[in-house]
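A.B. asks: build me a structure from this.
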Amino acid sequence: MSPANAVQRLDQFKLPKGFRGRPAWIVQLWWLTQSLLFKPLPQVCYGPRRVLLRIFGAKIGKGVRIRPGVEVTFPWKLAIGDYSWIGDNVVLYSLGHISVGDHTVISQASYLCAADHDYKEVSFPIRARPIDIGSEVWIASDVWIGPGTSIGDGAVVGARSTVTRNLPSKMVCIGNPCMPVKGREMR
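C.D. replies: Below is the predicted model of the structure:
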């Protein structure tokens, strides 16, 4: 394809100034720390994981449980409320801010993607787009949550769902795309 009618030219891509939120050496130090210490710690090492995230600027509430294998791109763009759980091998792709409320569960193998690219521009610019997950939410296993979305307090998102739009509070939501199907009934 000739440059005159190109739809995507990656040689024109430029990372926005300050996009990472920290100098490159801190980013590299975090990635090294994550690989050697954070991810491989035994399951019961919730305290050391919380400490490592806080050292790198994350806002982590009390009693948070982060399981082995969790990946966090930029911890300084992460906030997790009190007593929330992050399951095994969850990816928090925090190019944009990710906020998780209190008493919320993000189950194993889920992926939260807080950035995208503007495909309508030839230079394919990257955009940080925050994710906001409320309190008392359950994200079941292997859920993909897209950039710029929010999930209301008390919602349940069914396994393997794909969240591409905001989801309301106290609803059970499932599917691809994820949609509310019924209220979250309590006994």
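A.B. asks: switch to C-alpha atoms for all contacts and neighbour counts from now on
C.D. replies: Will do.
A.B. asks: test my guess that residue 54 contacts residue 61.
C.D. replies: No: contact criterion CA atoms under 8 Å: residue 54 and residue 61 do not qualify, at 9.8 Å.
A.B. asks: pLDDT weak spots in this protein?
C.D. replies: Scanning the chain for pLDDT under 70 picks out 1-2.
A.B. asks: do a quick rundown of the helices in it.
C.D. replies: Using DSSP state H, the helices of the chain run over 24-33, 46-55.
A.B. asks: got the buried residues for the last one?
C.D. replies: Of the residues in helix 46-55, those scored as buried under the neighbour-count criterion (16 or more other CA atoms under 10 Å) are 46, 49, 50, 52, 53, 54.
A.B. asks: quick one: end-to-end distance for stretch 32-42.
C.D. replies: 18 Å (CA to CA, to the nearest Å).
A.B. asks: same check on stretch 16-32?
C.D. replies: Stretch 16-32 stretches 24 Å from its first residue to its last (CA to CA).
A.B. asks: and stretch 41-57, by the same measure?
C.D. replies: First-to-last residue span, stretch 41-57, CA to CA: 20 Å.
A.B. asks: what residues does that stretch touch?
C.D. replies: The contact list for stretch 41-57, computed with CA atoms under 8 Å, 6 or more residues apart in numbering, reads 30, 38, 59, 60, 64, 65, 66, 67, 68, 75, 76, 77.
A.B. asks: try it again at 7 Å.
C.D. replies: 38, 60, 65, 66, 67, 68, 75, 76 (CA atoms under 7 Å, 6 or more residues apart in numbering).
A.B. asks: mind listing which of the residues you listed are in strands?
C.D. replies: Mapping those onto strands (DSSP state E) picks out 60, 65, 66.
A.B. asks: any chance of those in TSV, with distance to residue 136 and neighbour count too?
C.D. replies: Below are those laid out as TSV (distance: CA to CA, whole Å; neighbours: other CA atoms under 10 Å):
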residue	distance to residue 136	neighbour count
60	16	22
65	15	22
66	16	25
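A.B. asks: perfect, that will be all.
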